[in-house]
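Student: Requesting a structural model of the entry that follows:
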Amino acid sequence: MQEQFKYLSKIDEPIKSSGFNPSNLAEELAGLGFSLQDNLSPTDIEEHCFKGHTDGYHTDENEHFACAVIE
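Tutor: The predicted structure follows:
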């Protein structure tokens with residue numbers, strides 16, 4: 001993961017580790033007035049986005065996708 005941070009920093013694409021816990025995300029977002037619609041783990045992302053691909057791309061073990069809407 002550190003190598004990814006270094007690379008992204010070099011190309012002016014800074015990234016910070018948020019340290020969020022996916023299992024608490026809905027509660028945290030609700031406290032900010034949002035409703036969590038999707039909460040995809042690396043396994044979910046692999047299934048939804050990369051299943052059947054032959055290009056060799058896969059999700060990273062640290063990837064997490066979420067979608068929230070304003071309540």
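Student: and the residue of the chain positioned farthest from its centre, what helix or strand is that in?
Tutor: Here the chain reaches farthest from its C-alpha mean at T54, the gap being 22.5 Å by Cα atoms, centre = their mean. T54 is located outside every helix and strand, with elements delineated by DSSP states H and E.
Student: List the contacts of the residue most central in space within the chain.
Tutor: What sits nearest the mean C-alpha location of the chain, by Cα atoms, centre = their mean, is H64, with 2.3 Å. Shown in contact with H64 (Cβ atoms under 8 Å, 6 or more residues apart in numbering): P22, N39, L40, S41, P42, I45. Every C-beta, even on glycine, is put in place using the N, C-alpha and C of the backbone.
Student: out of these, who's nearest V69?
Tutor: Of all the contacts of H64, V69 sits closest to N39, with 12.8 Å by Cβ to Cβ.
Student: So what does A68 look like in phi/psi?
Tutor: Backbone torsions of A68, given as degrees, to the nearest 10, read phi -130, psi 150.
Student: brain fart, Y7
Tutor: Per degrees, to the nearest 10, the backbone of Y7 is at phi -60, psi -50.
Student: go on, the one 5 residues further on?
Tutor: When read as degrees, to the nearest 10, the backbone of D12 gives phi 60, psi 40.
Student: Give me the pLDDT value at it.
Tutor: For D12, the pLDDT comes out at 76.
Student: can you tell me which residues contact the closest residue to F65 other than its chain neighbours?
Tutor: The shortest distance from F65 to any non-neighbouring residue, by Cβ to Cβ, 6 or more residues apart in numbering, is to L40 (4.2 Å). Going by Cβ under 8 Å, 6+ apart, L40 touches H48, H64, F65, A66.
Student: Distance check, L40 against T59.
Tutor: For L40, the distance to T59 equals 9 Å [Cβ to Cβ, to the nearest Å].
Student: for I45, same thing?
Tutor: Counting by Cβ to Cβ - I45 and T59 are separated by 4 Å.
Student: which one of those two has more residues nearby?
Tutor: Each of I45 and T59 has its neighbours counted (other Cβ atoms under 10 Å); T59 has more, 19 against 16.
Student: And the more buried one, which helix or strand is it part of?
Tutor: Residue-wise, T59 maps onto no helix or strand under DSSP H and E.
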